[in-house]
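1. with the sequence up front, the predicted model follows.
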Amino acid sequence: MTATAANDVARVPTSARPVIESPSPESPIESSSSAPTVPQSLSTASNPAADSTSTITATNKGEATFYGGNVSGGMCSFSTYSIPSGLFGTALSDFNWNSAGNCGACVSVTGPNGNSVKAMIVDQCPNCGPNHLDLFPDAFAKLADPSKGVIPVEWAIVPCGITSPLILHNKSGTSKYWFSMQVVNANIPVSKLEISTDGGKTWQATTRKEYNFFENPSGFGTETVDVRVTSTSGQAIVVKKVGVASGSSVTAGSNFS
């Protein structure tokens, strides 16, 4: 069996992992103008094997393989989104999955020859081991001859370089009785999504699922809501009067800087 074929076997879907509850709401912030830095750690699990996450530091050492690539059908559920021009795609080990917290994050990946690519995380690589990246074929080919199958890499989460606004997408079935929303096109990874039904006076948390939607199974009881999206660096963007119609999308006025 070739390295690529062995890797395909490893990518059989695994059972759902524990849901991580969003932090408590904070006071509302209109789109911050300050330019935050990307945090060095997006996950701080002390026992990676137990929590299915491992610490992500400024620079991570691991291995990379490649597979056919899957955006619309990947674990990040980017069914309505295409990777922006200039970026490659990759799956990330379930050890670093962080309850889909790294979906949409971009990583700068350096191969054994010192050259690098920037790839967006769009899928999960089950049972691949800590800090493992399963790159799309074109990304792997930029780093090494595909015949190698497996290569050592160093990688770090970096801003994607996306300047167009982030987008809010409602899952099919979303209504005032059941809420499920996804954030795509974010320049910096998203840490939480909160909802206000009283004009921003109070904010209610949602729960991020393993398939990268923020949900409230009871809904919020209204046809429109205000949405506050916060990045891993603490910057927040508020989008007002967002409809909760099934499958609809709304483009925000800005992105994280």
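-> Great, that's in hand. Numbering: from 1, shown residues only.

2. residue contacts, Ser175?
-> If you count contacts by CB atoms under 8 Å, 6 or more residues apart in numbering, Ser175 has them with 219, 244-246. C-beta coordinates here come from the backbone N, C-alpha and C atoms, glycine included.

3. ok, and the most crowded of the residues you listed?
-> Val244 (23 neighbours; other CB atoms under 10 Å).

4. mind checking how far that residue is from Pro126?
-> Using CB to CB, to the nearest Å, Val244 is found at 32 Å from Pro126.

5. who are the contact partners of Ala156?
-> Residues in contact with Ala156 (CB under 8 Å, 6+ apart) are 58-60, 107-108.

6. before we move on, what about Trp155?
-> Residues in contact with Trp155, defined by CB under 8 Å, 6+ apart, are 59-60, 62, 107-110, 131, 133.

7. which one of those residues is nearest to His169?
-> Val107 (22.7 Å; CB to CB).

8. can I assume that closest one is in contact with Lys118?
-> Yes - Val107 is within contact range of Lys118, at 7.1 Å (criterion: CB atoms under 8 Å).

9. where do the contact lists of the two overlap?
-> The contact lists of Val107 and Lys118 share Val158, where a contact means CB under 8 Å, 6+ apart.

10. who has more neighbours, those two?
-> Neighbours of Val107 and Lys118, each counted by other CB under 10 Å, are more numerous for Val107; the result is 24 against 18.

11. show me the domain layout of this structure.
-> What automatic domain parsing lists as the domains of the chain is 39-158, 167-251.

12. so what's Asn170 up against?
-> Asn170 neighbours (CB under 8 Å, 6+ apart): 180-182, 243-249.

13. ugh, wrong one, Cys106
-> By CB under 8 Å, 6+ apart, the neighbours of Cys106 are 87, 118-121, 157-161.

14. let's see 6 Å
-> Counting by CB atoms under 6 Å, 6 or more residues apart in numbering, Cys106 touches 118, 120, 158, 160.
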